[in-house]
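# Could you work out the structure for the sequence below:
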Amino acid sequence: MKVEWAGPAILDVRAIKAYIAKDSTVYASRFAERIIDAAESLQHLPLRGRMVPEAGDGDVRELLFGNYRIIYRVEPKRALVLTVIHAARDLAGMEPKPWDVL
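Residues are numbered from 1 along each chain as shown. Below is the predicted model of the structure:
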């Protein structure tokens with residue numbers, strides 16, 4: 001299965017990297033690469049992530065990576081990474097929802 005990244009997810013990873021880079025550019029690059037690697041691993045087992053409770057849709061799933069949630073949608077021929085969001089963020093109160101944007 002192919003893994004694709006939605007625009008907002010790419011921006012999320014860039015923002016995370018920029019934030020961490022304030023303290024360490026080396027660690028920021030390494031952390032961003034590890035997030036990308038975790039998401040790219042979905043090509044082998046796209047259903048391994050748990051369903052996102054707030055979504056109420058079995059096709060919207062997430063991988064937990066440190067303090068971040070990598071939220072993606074499983075489609076017939078791809079896993080589409082929708083967002084990478086800090087786990088402390090309240091998805092229930094967020095509008096629009098990451099899975100409703102695309």
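
# For the rest of this, base every contact and every neighbour count on C-alpha atoms.
Noted.

# what ranges do the helices span in this structure?
Remark: helices assigned in the chain by DSSP state H are 7-21, 25-40, 98-101.

# Of all these, which one is nearest residue 81?
Between residue 81 and those, the shortest gap by CA to CA is with helix 7-21, which sits at 6.4 Å.

# Tell me which residues of that closest one come out buried.
Using 16 or more other CA atoms under 10 Å as the test for burial, helix 7-21 gives 8, 9, 12, 13, 16, 17, 18, 20.

# what is the orientation angle of it with helix 25-40?
Using axes from the mean of the first three to the mean of the last three CA atoms, to 10 degrees, the direction of helix 7-21 lies 150 degrees away from that of helix 25-40.

# with the buried residues of helix 7-21 in mind, which one is nearest to residue 85?
Distances from residue 85 to those, taken by CA to CA, are shortest for residue 12, at 7.2 Å.

# Surely that closest one touches residue 86?
No - taking contacts as CA atoms under 8 Å, residue 12 lies outside contact range of residue 86: 9.8 Å.

# if we look at stretch 1-18, which residues are touching it?
When contacts are defined by CA atoms under 8 Å, 6 or more residues apart in numbering, stretch 1-18 is touched by residues 28-29, 31-32, 35, 39-40, 42-44, 46, 77-85.

# 6 Å instead, please
28, 32, 43, 77, 78, 79, 80, 81, 82, 83, 84 (CA atoms under 6 Å, 6 or more residues apart in numbering).

# still on that earlier bit, any chance of the buried residues of helix 7-21 in a markdown table, with pLDDT and distance to residue 101 too?
Output for the buried residues of helix 7-21, formatted as a markdown table (pLDDT from 0 to 100; distance: CA to CA, whole Å):
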| residue | pLDDT | distance to residue 101 |
| --- | --- | --- |
| 8 | 94 | 9 |
| 9 | 96 | 12 |
| 12 | 96 | 14 |
| 13 | 97 | 17 |
| 16 | 97 | 20 |
| 17 | 97 | 23 |
| 18 | 97 | 24 |
| 20 | 96 | 27 |
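
# Can I get these in CSV including distance to residue 94?
Below are those laid out as CSV (distance: CA to CA, whole Å):
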residue, distance to residue 94
8, 14
9, 16
12, 15
13, 19
16, 19
17, 22
18, 23
20, 24
